[in-house]
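In: Return a 3D structure for these sequence lines:
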Amino acid sequence: MAEESVTPAHGTELQEVAQAAARAFDLVPAAPGEQSHSSATARRLETDPDTVERDLIKLVLTIVELLRQLMERTALHRVDQGDLREDQEERIGMTLMILQDRMTELCERYDLTMEDLNLDLGPLGSLLPRD
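Out: Residues are numbered from 1 along each chain as shown. A predicted model of the protein is given here:
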């Protein structure tokens, strides 16, 4: 098997993606009084003791929403493939609806929107698909 050569343009693209991923996970504590700006650059982790609970909830809800969307896509794929019985389809559908309602309740409780849960991954786009 011949080894594929990486063209300079392809190598540059891979390097940009790697740098974006590094920035996405490079959480630098914000200096006191420093305001976060919503730009294409990586956001800083605000370590204000008064907002630590909300920030933690935001992180947990982001992960839960990502998993919810993955489960929903998997369920839709299985339905399309005919892998599920009718009762299984109903149970999965009801579970996903309840989870969506609970996510909405939790976001409202902590004054978050679904957009707040979406992370910008630079050239990779956003973490969650935009509807």
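In: mind checking how far residue 98 is from residue 66?
Out: Counting by C-beta to C-beta, to the nearest Å, the separation of residue 98 from residue 66 is 18 Å. For glycine as for every other residue, the C-beta is placed from the backbone atoms N, C-alpha and C.
In: more neighbours, these two?
Out: Per other C-beta atoms under 10 Å, whichever of residue 98 and residue 66 has more neighbours is residue 66, with 15 against 10.
In: if we look at stretch 56-75, which residues are touching it?
Out: Outside of stretch 56-75, the residues within contact range by C-beta atoms under 8 Å, 6 or more residues apart in numbering are 84, 92-93, 96, 99-100, 103, 106-107, 110, 112, 114, 116-119, 127-129.
In: Try it again at 6 Å.
Out: 92, 96, 99, 110, 117 (C-beta atoms under 6 Å, 6 or more residues apart in numbering).
In: count of neighbours near residue 61?
Out: Per other C-beta under 10 Å, the neighbour tally for residue 61 reads 19.
In: Please enumerate the strands of this structure.
Out: For the chain, no strands are identified by DSSP state E.
In: By mean pLDDT, point me to the weakest helix or strand of it.
Out: helix 8-25 (a mean of 61; mean pLDDT, DSSP states H and E).
In: Give me the buried positions along stretch 98-112.
Out: With burial defined by 16 or more other C-beta atoms under 10 Å, the residues of stretch 98-112 counted as buried are 99, 103, 107, 112.
In: Identify the residues contacting it?
Out: 54, 57, 68.
In: No more questions from me, cheers.
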